[in-house]
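S.K.: Quick one, what's the 3D model for this:
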Amino acid sequence: MSVELGVFIVFVFWLFIFLFVLYKDRRNLFLGISFLATMLFLALYLIFIVVKYANDYSIVYYIGVLGLIGILFIIMVLPLGVALMFFYNSFMIVRREGLKLRNLLSLGTIILLIGYVVWWPSVGRYTYESRILNGVYIYITLVILYFICIGVSYLAASTLNIINLLPRKLDYVVVLGAGLIGERVTPLLASRIRTGIKVYGKHPGSKLIMSGGQGVDEVVSEAFAMKNYAFEQGVPEEDIIMEDKSTNTEENIKFSKRLMKDANSRFALVTNYYHVYRALILAKTLGFRCIGYGAPTKFYFTLNAFIREFIGYLYLKRKIHGIVITILTILFVLVITVIEILSS
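M.R.: Numbers count the residues shown, from 1 in each chain. Below is the predicted model of the structure:
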């Protein structure tokens, strides 16, 4: 069997896994993992095809050259672009939202990434002489790579979960609440409501559920303010349902589900782009099937908020990741022990 055929078979395998997860339940991190694996082996297969037929077909040769230039451009420019984006995002959010710890997540992330890429490899030179220290260095490297891979997969799964090309008919559209300014919704919450209204408008007969309780520093419930805003936007009052008891995303979903007439009602969650995937995962843990729609968010706020959501996801799935790290640690200790025994 030729190498390109083997790569093609692996590509088809991952494509099948991706389509299966997409059909079965896309609220799954494996959706992102399988998507990235599919794209990787597709790229490898195309590279093999270009190399194999470049001498026979000039068009294949030129496609290969353009592809190589594109890859080199991405390798050289993308890291710089990402770094600049993180620093710009950090500057803008601190400037507009204030110097707070939660607003420094994007800055801290890019500093850690740069340190891992630039500084961390040099650490290996000092641990190379000691088998134990070198093993610890490799172990830490693998753990960091694990979380980087999880982060990239989370980004891919998050993106795929806000794409609804063939949505089923919805009975309810649940808009998740956020903070208020007095009795009025904030621009961020207004964006969620407008997106919810658009989704509601595409599903005749559906109802809007405005979900959000009253915080200790709020004069009215978020649901009340959201209902008023939707009414001002032209939504009939009889099509708006208030859920005004929830205090967090999990309660938003749980309490909104109780207001639906049918246990099998089909519904969508509407929140900001960065928050959709974690909200869908929470719905999955509660046993509810639904889809998600993302509302536009100011760019300077999105990246920092997305990192915060990823940290929230890691905490939500801490048992699973804890088990993986434990298994990785046990395997590492076993390998180190075997190497020590064989070398003694």
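
S.K.: alpha carbons only for contacts and neighbour counts from here, please
M.R.: Noted.

S.K.: So which residues of the stretch 201-344 of the chain form helices?
M.R.: Ranges of helices in the stretch 201-344 of the chain, per DSSP state H, counting those that start in this stretch, are 222-232, 249-258, 273-285, 299-316, 318-343.

S.K.: Which of the ones you listed sits closest to Tyr137?
M.R.: Minimum separation from Tyr137 across the helices of the stretch 201-344 of the chain (C-alpha to C-alpha) falls at helix 318-343, 11.3 Å.

S.K.: just so I have it, where are all the strands in the stretch 101-250 of the chain?
M.R.: Ranges of strands within the stretch 101-250 of the chain are 172-176, 180-181, 184-185, 207-211, 240-243, based on DSSP state E, counting those that start in this stretch.

S.K.: Mind giving me the packing neighbours of the lengthiest helix in the chain?
M.R.: Criterion DSSP state H: the longest helix present in the chain is helix 58-97. Applying 3 or more C-alpha pairs under 8 Å, 6 or more residues apart in numbering; DSSP states H and E, one finds that helix 58-97 makes contact with helix 29-53, helix 105-114, helix 299-316.

S.K.: Could I get the helices of the stretch 201-344 of the chain in JSON lines, plus columns for mean pLDDT?
M.R.: What follows is these, written out as JSON lines (pLDDT from 0 to 100):
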{"stretch": "helix 222-232", "mean pLDDT": "93"}
{"stretch": "helix 249-258", "mean pLDDT": "94"}
{"stretch": "helix 273-285", "mean pLDDT": "93"}
{"stretch": "helix 299-316", "mean pLDDT": "88"}
{"stretch": "helix 318-343", "mean pLDDT": "85"}
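
S.K.: Go through these and name the closest to Ile240.
M.R.: helix 222-232 (6.6 Å).

S.K.: any chance of the helices and strands packed on helix 58-97 in a markdown table, with mean neighbour count and distance to Thr326 too?
M.R.: A markdown table is the format used below for these (neighbours: other C-alpha atoms under 10 Å; distance: least, C-alpha to C-alpha, whole Å):
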| stretch | mean neighbour count | distance to Thr326 |
| --- | --- | --- |
| helix 29-53 | 18 | 20 |
| helix 105-114 | 17 | 23 |
| helix 299-316 | 17 | 15 |
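
S.K.: Would you mind saying which of these lies nearest Met260?
M.R.: Per C-alpha to C-alpha, nearest to Met260 of the helices and strands packed on helix 58-97: helix 299-316, 26.2 Å.

S.K.: Dump the helices and strands packed on helix 58-97 to TSV, plus distance to Met242.
M.R.: Output for the helices and strands packed on helix 58-97, formatted as TSV (distance: least, C-alpha to C-alpha, whole Å):
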stretch	distance to Met242
helix 29-53	32
helix 105-114	34
helix 299-316	26
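
S.K.: Which one of the ones you listed lies nearest to Phe255?
M.R.: helix 299-316 (19.6 Å).

S.K.: could I have that closest one exported to CSV, CA atoms only?
M.R.: Extracted C-alpha coordinates of helix 299-316, given in CSV (Å, rounded to 0.1, in the frame of the first residue of the first chain):
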residue,chain,number,x,y,z
PHE,A,299,-13.8,42.2,19.4
TYR,A,300,-11.8,43.7,22.3
PHE,A,301,-14.0,41.9,24.8
THR,A,302,-14.4,38.6,22.9
LEU,A,303,-10.9,37.1,23.2
ASN,A,304,-10.6,37.7,27.0
ALA,A,305,-14.1,36.4,27.6
PHE,A,306,-13.4,33.3,25.5
ILE,A,307,-10.3,32.4,27.6
ARG,A,308,-12.5,32.9,30.7
GLU,A,309,-15.0,30.5,29.2
PHE,A,310,-12.3,27.9,28.4
ILE,A,311,-11.1,28.0,32.0
GLY,A,312,-14.8,27.5,33.0
TYR,A,313,-15.0,24.5,30.7
LEU,A,314,-11.8,23.0,32.2
TYR,A,315,-13.4,23.4,35.7
LEU,A,316,-16.6,21.9,34.5
